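>>> A structural model of the following input is requested.
(one chain, ligands or ions: 2)
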Amino acid sequence: MRAYDIIYKKREGQKLNKEELGFLINGYVEGEIPDYQMSAWAMAVYFQGMDAEETANLTMLMAESGDMIDLSPIEGIKVDKHSTGGVGDTTTLVLAPLVASAGIPVAKMSGRGLGHTGGTIDKLESIPSFNTSLDRDKFFDNVNQHGIAVVGQTGNLTPADKKLYTLRDVTATVESIPLIASSIMSKKLAGGADAIVLDVKTGNGAFMKDFEKAKKLAKAMVAIGKEVGRDTTAYITDMNQPLGNAVGNALEVKEAIKTLKGEGPEDLTELCIELGAGMLQLAGKIKDIEEGKEILRENLKNGKALAKFSEMISAQGGNANVIEDLSLLPIADATFEVKAEKDGYISEIKALDVGLSAMILGAGRENKESVIDLAAGLEIKKKISDPVSKGDTLAVLHYNECNDLEEAKQKLLEAFTITAEKKDKKELIYEIIK
Ligand code: URA
Ligand code: CA
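Ligands and ions are numbered 1, 2, ... in the order given. Okay, here's the model as predicted:
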């Protein structure tokens, strides 16, 4: 077999079989196939696409390029959740204890943040002495004993995806639906999930800004799940404004605790109930979605979800007193209120600019080596369709030392559009694809 012939075949719009894809992927990981040939192939895929079977084969090959985690020591059906990124997306912090409180095992591996998107592991590390690096046995034990553990990724997961994603990033081949779908799903399959709930964000702050493209991506990922025998449900959800009000690590933990007490922002709460019910359904715990939502709403009211979060914190060595005493979380030295410059209604909030503002304050990493400030970030006080008067606070910035407070203020102010006409809120969930 020769890489040249495989590239040629794809360029001509033909379907590649598993042997051909394996020759490319394995050869690339081993350093036998050079970047320039992989780039040519990725560009051919960009223009010619791949069908469902081809995409599923590529996904499996990428998943199998490194460690495949075996979650079978954990009892029950393991449902994982993945979000395609967004701004101030606090869902995992709420969703993990919420669904665990309904009796499904949560064995979650999460990542750190890069750029304006936050990572669950960074957020959890703002809880004093919380340990996100449990070894494999302790991770399994915690899930079996407490029904939940959230840890950072370890080991050699999907090296083929790491290498290919880096290459796509510099060859204008990121935006290919089959390549994105296989990239995301390969990581989920290597992580060992039996079933997967996907939160595909769309809107100005999302990776997939356009709804139709988000839908295509959702369909491609659900199709991969079907081909490889892992039940997958995708939710296409709104990211035209940050989710909830908090953006920043400790601030989002605070928001998650409030939400688990049933006192959280409506959008964050609703999304967690929807996705959570989807997870319960895939786990075979409920007869219909309504029953799932009912159970989860109840667990936010009766304290079970919050108690589960507390149990998880203790089991991972953290100080669970944070639940009652939020002042135990890192707190910034200074705050600054950004005020509205005119009267009207909030008609748009550019989530990306809000994320960048939080990053400038120190909440995010500009590059992999940056050190984040766990206390930094911002709280949004107005959301789309809210009325405002000149001088009302739009957001509160939290910072310690900030070299560019002026720039952070400016970005935040630019994020908000105020108009005379009231604009309706967008729907939170656009479509569910099974
Ligand atoms: N996120 C991923 O993990 N992979 C892609 O290809 C794009 C976004
Ligand atoms: Ca939030």
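
>>> quick one, domains of this protein?
Dividing the chain into domains by automatic domain parsing, as the record does, gives the ranges 3-49, 79-155+190-323, 330-419.

>>> TSV for these, including mean neighbour count, distance to ligand 1 and mean pLDDT?
Bear in mind the C-beta positions are built from the backbone N, C-alpha and C, glycine included. Putting the domains of the chain into TSV (neighbours: other C-beta atoms under 10 Å; distance: least, C-beta to the nearest ligand atom, whole Å; pLDDT from 0 to 100) gives the following:
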stretch	mean neighbour count	distance to ligand 1	mean pLDDT
domain 3-49	17	11	98
domain 79-155+190-323	22	6	95
domain 330-419	19	15	95
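
>>> can I get these in a markdown table with distance to Leu179?
Output for those, formatted as a markdown table (distance: least, C-beta to C-beta, whole Å):
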| stretch | distance to Leu179 |
| --- | --- |
| domain 3-49 | 6 |
| domain 79-155+190-323 | 10 |
| domain 330-419 | 22 |
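
>>> got those as JSON lines, with distance to ligand 2 columns?
JSON lines is the format used below for the domains of the chain (distance: least, C-beta to the ion, whole Å):
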{"stretch": "domain 3-49", "distance to ligand 2": "34"}
{"stretch": "domain 79-155+190-323", "distance to ligand 2": "3"}
{"stretch": "domain 330-419", "distance to ligand 2": "8"}
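
>>> nearest to Ser65, of the ones you listed?
When those are compared by C-beta to C-beta, domain 3-49 sits nearest Ser65, at 5.2 Å.

>>> got the end-to-end distance for that closest one?
The first residue of domain 3-49 is 18 Å away from its last residue (C-alpha to C-alpha, to the nearest Å).

>>> likewise stretch 97-113?
Stretch 97-113 has its terminal residues 21 Å apart, counting by C-alpha to C-alpha.

>>> next up, the contacts around the residue nearest to the spatial centre of the chain.
Most central residue of the chain, judged by C-alpha distance to the mean C-alpha position with C-alpha atoms, centre = their mean, is Ser83 at 3.3 Å. The neighbourhood of Ser83, defined by C-beta atoms under 8 Å, 6 or more residues apart in numbering, consists of Asp89, Thr91, Thr92, Leu198, Asp199, Lys201.

>>> any idea how far ligand 2 is from Leu164?
Separation of Leu164 from ligand 2 (C-beta to the ion, to the nearest Å): 31 Å.

>>> on that earlier part again, next up, phi/psi of the residue nearest to the centre of the chain, please.
phi -120, psi 140 (degrees, to the nearest 10).

>>> so Lys187 is in contact with Asp161, correct?
Yes: with contact defined as C-beta atoms under 8 Å, Lys187 and Asp161 form a contacting pair (6.5 Å).

>>> and the residue of the stretch 51-200 of the chain nearest ligand 1?
Across the stretch 51-200 of the chain, the shortest distance to ligand 1 (C-beta to the nearest ligand atom) belongs to Ser183, at 3.4 Å.

>>> now that residue: closest residue in space, sequence neighbours ignored.
Excluding its sequence neighbours, the residue lying closest to Ser183 (C-beta to C-beta, 6 or more residues apart in numbering) is Asp161, at 5.2 Å.

>>> verify the stated contact: the one you found with Thr59.
No: in this structure, Asp161 sits apart from Thr59 without contact. The criterion is C-beta under 8 Å, and the distance is 9.4 Å.

>>> out of those two, which sits in the busier spot?
A count of neighbours by other C-beta atoms under 10 Å puts Thr59 above the other of Asp161 and Thr59, at 30 against 25.
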